[in-house]
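Engineer: please find the sequence and the predicted model below.
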Amino acid sequence: MTIKTIILAAGQGTRMRSSLPKVLHEIADKPLLQHVYETSAGLAENSIFIVYGHGGETVREKLNHLHAVWIEQKQQLGTGHAVQQAIHHVEDDDTVLILYGDVPLLKADTLNALLKNVSETSLALLTVELDDPTGYGRIVRDHNHAVCKIVEQKDANATELQIREGNTGILACNGRRLKDWLSGLGNKNAQNEYYLTDIIEMAVADGLLVKTTMATDPDEVLGVNNRNQLAHLERAYQQRQAEKLMTHGVTLRDPARLDVRGEFAELGQDIDLDINVIFEGINRIGSHVRIGANCIIKNATIADHVVILANSIIEDSQIGAHTRIGPFARLRPQTELAEHVHIGNFVEIKKASVAAGSKINHLSYVGDSEVGRNVNIGAGTITCNYDGVNKFKTVIGDGAFIGSDSQLVAPVTIGKNATIGAGSTITRDAPENQLTLSRVKQVSIATWQRPKKQEK
């Protein structure tokens, strides 16, 4: 079966009260339209066409990396009119799937179930049963429970408004049939628009059976029309991610307080996540990892038995096994920590490698550096790597001890087993196995008196 998916993304989204096109608003840091595209892209033998609105060039520019044919709808004259803009790409024997760019949580399993109902003699329609179907077109059935038409809410009578089964707008049908029905659409309705839903009545008149698939979760087919719905679907999406993680065996201290804004390329066993942890990008997490509250993890590779304490930020970094990080630590891009490394509170590491067993426990900055094995870097140490124009490297040999409040002015090398005295500013290489320090001689002045406030 060859599928042609037409995604309607031309809506203005005035209720969002935003200069940003509606389909570019994000759930989990990804535009609504991209969610829809990625779900449909997983279908076999599928070509995707995106119908965008006049003035919506921003949509195309933002998502031009998607492998789709972009089609402009210069006038917004309804859903039927939008589909007409793409119909010349459809062959008679194609199966056409109609989706909406503001319905981001649709599941691939639902689409596959829907597509199974398409044939020369049947049209497939996705419906949903709601306690309050306000805003949805109603599915009208005959005495045999067969679908006979869809009535939009603004055109429905009192009896039809009592129907709880709503139209999602998502359907699939034969290409030749769709061409015939689109050519017969009219706009005699309350909105003076060409409703795609009118093809249901046409299909029935042509003797086709309308086969319905009912969405099991209303959130799956909910479109975003305002900020409240956007926030609601964000939490629904995150609940899905939490359920996936727990199914995999991850412990979540509170599943309602977790944000996954990317994906996991690898997940080990016995991972423990405290509240308000945010994952971004692509992460790989080993087994027996504990991540404390309020941490942000982005594009990280975290080995087994790592502990990350509260309020730490890790970005584009690699962390070796049995390493301990935080609290309040920051690992910036191109940080590589080997096994059994300790990075303590208020320590920032940037573009640096730290070998096994080394410790940087307090209030330090290490950037553009190569730190050897079993190095101890004292509190308040800074690698001065930037002269305002260029950046330079600091190399610290195995077993070195850097005293507190030291400044290592790059380019500089600290030899193996060297000791740097506390409070030193090191501007030249420090030799191996020696104490190096730079201090002004301490002086005490016996005759000095503390100033007193002058009386007026």
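Structural biologist: Arrived safely.
Engineer: buried residues in stretch 239-247?
Structural biologist: Within stretch 239-247, the residues that count as buried by 16 or more other Cβ atoms under 10 Å are 240-242, 245. Yep, even glycine has a C-beta here, placed from its N, CA and C like the rest.
Engineer: hey, which helix is longest across this protein?
Structural biologist: Of all the elements of type helix in the chain, the one with the most residues (DSSP state H) is helix 227-248.
Engineer: against which helices or strands is that helix packed?
Structural biologist: Contacts defined by 3 or more Cβ pairs under 8 Å, 6 or more residues apart in numbering; DSSP states H and E place helix 227-248 against strand 26-27, strand 251-252, strand 258-267.
Engineer: who touches that helix?
Structural biologist: Here helix 227-248 makes contact (Cβ atoms under 8 Å, 6 or more residues apart in numbering) with 16-17, 25, 27-28, 104-105, 219, 222-224, 252, 255-256, 258-260, 267, 273.
Engineer: taking their axis directions, it and strand 258-267 sit at what angle?
Structural biologist: Here the directions of helix 227-248 and strand 258-267 differ by 40 degrees (axes from the mean of the first three to the mean of the last three Cα atoms, to 10 degrees).
Engineer: now helix 227-248, how far from the chain's geometric center?
Structural biologist: 11 Å (Cα atoms, centre = their mean, to the nearest Å).
Engineer: assign residue 220 to helix, strand or coil.
Structural biologist: Secondary structure state of residue 220, per DSSP: H, G, I helix; E, B strand; the rest coil, is helix.
Engineer: now do it, the pLDDT please.
Structural biologist: With respect to pLDDT, residue 220 scores 96.
Engineer: next, count neighbours for it.
Structural biologist: Residues contacting residue 220 under the criterion other Cβ atoms under 10 Å number 21.
Engineer: let me know how buried the nearest residue to it once chain neighbours are set aside is, in neighbour terms.
Structural biologist: In this structure, residue 220 finds its nearest non-sequential neighbour in residue 105, 5.1 Å apart by Cβ to Cβ, 6 or more residues apart in numbering. Using other Cβ under 10 Å, the number of residues around residue 105 comes to 22.
Engineer: low-confidence regions, this protein specifically.
Structural biologist: Within the chain, no range satisfies pLDDT under 70.
Engineer: list the contacts for the spatially most central residue of it?
Structural biologist: Centroid check for the chain by Cα atoms, centre = their mean gives residue 261 as the closest residue, at 2.7 Å. By Cβ under 8 Å, 6+ apart, the residues touching residue 261 are 28-30, 278-281.
Engineer: as a markdown table, the residues you listed with distance to residue 180, secondary structure and neighbour count would be great.
Structural biologist: Formatted as a markdown table, these follow (distance: Cβ to Cβ, whole Å; DSSP: H, G, I helix; E, B strand; the rest coil; neighbours: other Cβ atoms under 10 Å):
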| residue | distance to residue 180 | secondary structure | neighbour count |
| --- | --- | --- | --- |
| 28 | 40 | coil | 19 |
| 29 | 42 | coil | 12 |
| 30 | 37 | strand | 15 |
| 278 | 50 | strand | 16 |
| 279 | 48 | strand | 25 |
| 280 | 48 | strand | 18 |
| 281 | 47 | strand | 15 |
